[in-house]
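> Got a sequence here, can you build the structure:
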Amino acid sequence: MLFLCVSSTIAVKANNFPSGGDGTASNPFQITTVDELAALATLVNANTANYRSAHYILMNDIDLDIAPHNQGAGWTTIGTGGQPFLGVFDGNGNTISGLFINQTGTNKGLFGVVQGNAVIRNLHVAGSVTNTQTSAGWNECVGGITGRLQGNASLQNSSFSGSVTGVRTSIGGLVGLLYNTATITNSWSDATVRNTTNGNQGRLGGLVGAMEGNSVVSNSFFSGTVIGAGERTGGIAGHMNGAGTRISNCFVTGEVRGNQWSTGGIVGFIMSAGIIENNYVTGLISEGSSIRLGGILGRASAANLAVTIRNNIVLSPSIRGNGGNQARIHGDPVTVNAPFTYSNNFAWDGITNFAGNTNWGVTAANNRNGANISAIEIHEADFFETLFASAPAGTWTFAPGKLPGLNGEAVEMPQHLRVIINPDIIAHPQSATYNQNDTASALTITAIFPITTISPNGGTLAFQWYSCTTHAGAGTRIEGATDTSFIPPTTTVGTIYYFVRVHSLYTDLIGATVSGVIESNRASITVLPIVDAQAPNITAHPQSATYNHNVAASALTVTATSPDGGTLTYQWYSNTVNSNTGGTRIDGAIGASHTPSTATVGTVYYYVVITNTNNSVNGTRTATSTSNTAAITVTEPKETGIGNTLSANLQIFPNPFTNTVNITGAENSSLQVLNILGTIVYTRQITSTDETIHLGIPAGAYLFRVERDGQTRTVKVVKR
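Okay, here's the model as predicted:
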């Protein structure tokens, strides 16, 4: 294939490379084939035009397992020491597989040297990278993705799977040498990484062989195997040197095997300075010799370096070398001096040493062994949340019974820590609703430890209650709430969710202490504010009226509504004064209407008390409203004749009378005699013009009502 060399522009593509894009950030060159990727290597290494600093995007997966890239020396790396790659290569989430390199020299990987402000991101690479150069120098620089990453260059969201092999120095699963202010973030490797020569310049790491200057590895992990033939072997980096070098928020689940001194779960050797924080290790850590083996750091060149080791935890099943000088955090058997500091470091209390036991001497969060942590605590998500509290929000993903993970996914517990027997929850805590400041019933849980063949002696249960403001929240530990029951507070209005984590602790058949944890269902406790019934709304009051004595009155009425859905009841009252208080209850007058009496001449004031009863509220369940008064006035009717003869001729005498009364001018009429209450006490048909009537009624005032042909006349008569 021929390539056209052009001047300082990339507007003209060499031999139509690549098929799309113009190399800018907004329109990167599109890599779609093996040939285009190989052409990129040729153009960059030859410093053709501006291809070294252009932007590229991988449009699809590419398999390099074809001739000539899978034969002889294999793939030609992109970028060299003299012509490093300076651009941006976006893998777009795609994979370059079948990488094969079997060469002698330096700076080996898919890329050789990446520097300046270059970026490699979103790229996954799989294959085999082998370097056979024999120099004992420290710059061999072999990595799965790039031999060197230097300057301000960065590797982001990328990974390598397969194998990386070098002779001795600066060999890493992702990058051989991380230099100056270069960074690796959100990346990982599960490769087998090894060197082949014993010696004091071995710099071998799961992700990075050596870190120099102010380089940083963060939010990344290694899950493969590191096999060191010489010194300085680490799960993340073999070697750190520089005040700004830092490894943070990383974890190692793979195995780390050293063969000489300076082997560590995170870093093998620190030359001058460095920070190691917020990391954990779960894989086996071993060394063939007896010098400087540690769960986090193998060795430092002196005891008073500017080294900070904080917020780390080692959960490996064993840390074993061929003899002494081993520790759970830092393998150096020395007392460090400022500014060298340990702080807040932990180690699983089940880690075994070279003697096969768990006796590590003095253990503390600020010494080379770290503080003990039990299997139960390891399964608590909030332990890691506290340990890694200084990490940027969202860095870690936590879950009960799992280890923290990156990129939104927690990590499965390794077998040596895994819960085998979980408690069985028979009865979960139940949700309830209370009024504010009520005394709540206790939330309770019933759980048992199941007897199985691997736990024949049973186990013990421990309880820890948590609260959270959302149903799916992580929860906050409730201090002191470690029983099977817990009484929730009701002082604050709102809903709080409660749950309990039940821990089991037992000894299996080989004598190992095993723990488990299970979480109950969430119980919501809702606290309601105190609410009283509301007073009725009166929309129409009873109205005043005037009636003649003993004339039937219209009903007094009231119209009202309940504002809160309650039930309304009524009670009418009468009063001699114009006031809607202090009246006399009218028995039986319990409806929305009441018909007043007109039997007594005068004025009576009526009103009604309306009660709203709402049994659904949690405070006072009744409230009342009182209507306005309605004045009912009863007057003495004026005598009115209807028909000339009845009005003109009717006479009733004597008036007053004693026992006998005479009636004239009322022939062919009917007579009713009513007392002052309006009760008819006597009736008679009058047939003649003059009639005498004997009335054996009590003394008092009476109304004589005479009716004829639809005409009525009423006369007040007094009996002595």
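
> Where in the protein is the helix or strand with the lowest mean pLDDT?
The helix or strand of the chain with the lowest confidence, counting by mean pLDDT, DSSP states H and E, is helix 644-649 at a mean of 64.

> List the buried residues of the next helix or strand after it.
Elements were assigned by DSSP states H and E; along the chain past helix 644-649, the next helix or strand is strand 651-653. With burial defined by 16 or more other CB atoms under 10 Å, the residues of strand 651-653 counted as buried are Ile652. Quick note: C-beta positions are derived from backbone N, CA and C, even for glycine.

> what sits up against strand 651-653?
The set of residues that contact strand 651-653 without belonging to it, under CB atoms under 8 Å, 6 or more residues apart in numbering, is Val661, Asn662, Ile663, Thr664, Gly665, Phe704, Val715, Val717.

> wouldn't the first one be in contact with Pro654 here?
Yes - look at Val661 against Pro654 with CB atoms under 8 Å: they come within range, at 7.2 Å.

> Those two: which is more packed in?
Neighbour comparison, Val661 and Pro654: the larger count goes to Val661, with 21 against 12 (by other CB atoms under 10 Å).

> what is the more buried one paired to in the beta sheet?
Counting by DSSP bridges, Val661 is bridged to Ile693.

> And it, how far from Val717?
With distances taken as CB to CB, to the nearest Å, Val661 is found 7 Å from Val717.

> list residues touching both of the two?
Residues touching both Val661 and Val717 comprise Ile652, Asn655, with contact defined as CB under 8 Å, 6+ apart.

> what's Thr77 in contact with, if anything?
Thr77 is in contact with Ala41, Asn45, Ile101, Asn107, Lys108, Gly109, Leu110, Phe111, Gly112, Gly147, counting by CB under 8 Å, 6+ apart.

> The nearest residue to the first one once chain neighbours are set aside: how many residues sit nearby?
Spelled out, that is Ala41. Nearest in space to Ala41, with sequence neighbours left out and distances taken as CB to CB, 6 or more residues apart in numbering, is Ile78 at 4.4 Å. Close neighbours of Ile78, defined as other CB under 10 Å, add up to 28.

> Just to check, Ile78 is in contact with Leu43?
No - between Ile78 and Leu43 there is no contact under CB under 8 Å: 9.2 Å.

> Would you mark the buried spots in stretch 104-121?
The neighbour-count check on stretch 104-121 (16+ other CB under 10 Å) flags 105-116, 118-121 as buried.

> Please disregard the earlier target; I meant stretch 239-248.
Using 16+ other CB under 10 Å as the test for burial, stretch 239-248 gives His239, Met240, Asn241, Gly242, Thr245, Arg246, Ile247, Ser248.

> now those as a markdown table including pLDDT and secondary structure?
Output for the buried residues of stretch 239-248, formatted as a markdown table (pLDDT from 0 to 100; DSSP: H, G, I helix; E, B strand; the rest coil):
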| residue | pLDDT | secondary structure |
| --- | --- | --- |
| His239 | 96 | strand |
| Met240 | 96 | strand |
| Asn241 | 94 | strand |
| Gly242 | 92 | coil |
| Thr245 | 97 | coil |
| Arg246 | 98 | strand |
| Ile247 | 98 | strand |
| Ser248 | 98 | strand |
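
> For stretch 495-503, list every residue counted as buried.
Neighbour counts over stretch 495-503 (16+ other CB under 10 Å) mark Ile496, Tyr497, Tyr498, Phe499, Val500, Arg501, Val502, His503 as buried.

> The second one looks like it's in a strand, true?
Yes - Tyr497 forms part of a strand when assessed by DSSP: H, G, I helix; E, B strand; the rest coil.

> Identify the residues contacting the closest residue to it other than its chain neighbours.
Leaving aside its chain neighbours, Tyr497 sits nearest to Arg522 (4.5 Å; criterion: CB to CB, 6+ apart). Shown in contact with Arg522 (CB under 8 Å, 6+ apart): Cys468, His471, Tyr497, Tyr498, Phe499.

> if we take those residues, which one ends up nearest to Ile276?
Lowest distance from Ile276 to the contacts of Arg522 (CB to CB) belongs to Cys468, with 32.7 Å.

> how about stretch 683-694: buried residues?
When burial is assessed from 16+ other CB under 10 Å, stretch 683-694 yields the following buried residues: Ile686, Glu691, Ile693.

> What segments of this protein are helices?
With DSSP state H as the definition, the chain shows helices at residue ranges 34-45, 375-378, 381-387, 644-649.

> Can you convert those helices into a markdown table and add a column each for mean neighbour count?
Written out in a markdown table, the entries for those read as follows (neighbours: other CB atoms under 10 Å):
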| stretch | mean neighbour count |
| --- | --- |
| helix 34-45 | 20 |
| helix 375-378 | 20 |
| helix 381-387 | 18 |
| helix 644-649 | 14 |
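
> least reliable of those going by mean pLDDT?
Comparing mean pLDDT across the helices of the chain, the weakest is helix 644-649, with a mean of 64.

> rewinding a little: what is the most widely separated pair among the buried residues of stretch 104-121?
By the measure CB to CB, those have their two most distant members at Gly105 and Arg121, which lie 26.5 Å apart.

> residue ranges with poor pLDDT in the stretch 251-400 of the chain?
Along the stretch 251-400 of the chain, the parts satisfying pLDDT under 70 run over 290, 323-324, 376, 380-381.

> Swap in 80 and give it another go.
For the stretch 251-400 of the chain, applying pLDDT under 80 flags the ranges 260, 288-291, 322-324, 333-335, 375-377, 379-381, 400.

> for the stretch 501-650 of the chain, same thing?
Across the stretch 501-650 of the chain, the ranges flagged by pLDDT under 80 are 507-515, 637-648.

> Tell me where it has strands.
Using DSSP state E, counting those that start in this stretch, the strands found in the stretch 501-650 of the chain span residues 513-519, 523-528, 537-540, 545-548, 556-557, 559-561, 567-575, 584-585, 593-594, 602-613, 622-626, 630-635.

> What is the fourth one packed up against?
Translated: strand 545-548. Counting by 3 or more CB pairs under 8 Å, 6 or more residues apart in numbering; DSSP states H and E, the packing neighbours recorded for strand 545-548 are strand 630-635.

> Tell me what the nearest residue to Gly473 once chain neighbours are set aside is bridged to.
Distances taken as CB to CB, 6+ apart put Tyr497 closest to Gly473, at 7.0 Å, once the chain neighbours are dropped. Applying DSSP bridges to Tyr497 yields these beta-bridge partners: Cys468, Ser524.

> Was I right to think Tyr497 contacts His471?
Yes - between Tyr497 and His471 a contact is recorded at 5.5 Å, counting by CB under 8 Å.

> what do those two both touch?
Between them, Tyr497 and His471 have Arg522, Ser524 as joint contacts when contacts are counted by CB under 8 Å, 6+ apart.

> Domain-wise, how is this protein divided?
Described in terms of automatic domain parsing, the domain architecture of the chain consists of the residue ranges 424-528, 537-635, 644-719.

> And the second one, how far out from the chain middle?
Right, domain 537-635. Centre-to-centre, domain 537-635 and its host chain are 56 Å apart (CA atoms, centre = their mean, to the nearest Å).

> same question, the last one
Chain-centre distance of domain 644-719: 93 Å, with CA atoms, centre = their mean.

> One more: the longest one?
On the basis of CA atoms, centre = their mean, domain 424-528 sits 18 Å off its chain's mean C-alpha point.

> Now do the end-to-end distance for that domain.
Across domain 424-528, the terminal residues are separated by 33 Å (CA to CA, to the nearest Å).

> Equivalent analysis for the second one, please.
For domain 537-635, the first and last residues are 34 Å from each other (CA to CA).

> Return the residues in contact with the closest residue in space to Thr492 that isn't next to it in sequence.
Taking CB to CB, 6+ apart, and ignoring the residues beside it in sequence, Thr492 has Val527 as its nearest neighbour in space, at 6.2 Å. Under the criterion of CB under 8 Å, 6+ apart, the contact partners of Val527 comprise Thr433, Tyr434, Asn435, Gln436, Thr490, Thr491, Thr492, Val493, Gly494, Thr495, Ile496.

> Please tell me which one of these counts the most neighbours.
With neighbours set by other CB under 10 Å, the maximum within the contacts of Val527 is found at Thr490, which has 20 neighbours.
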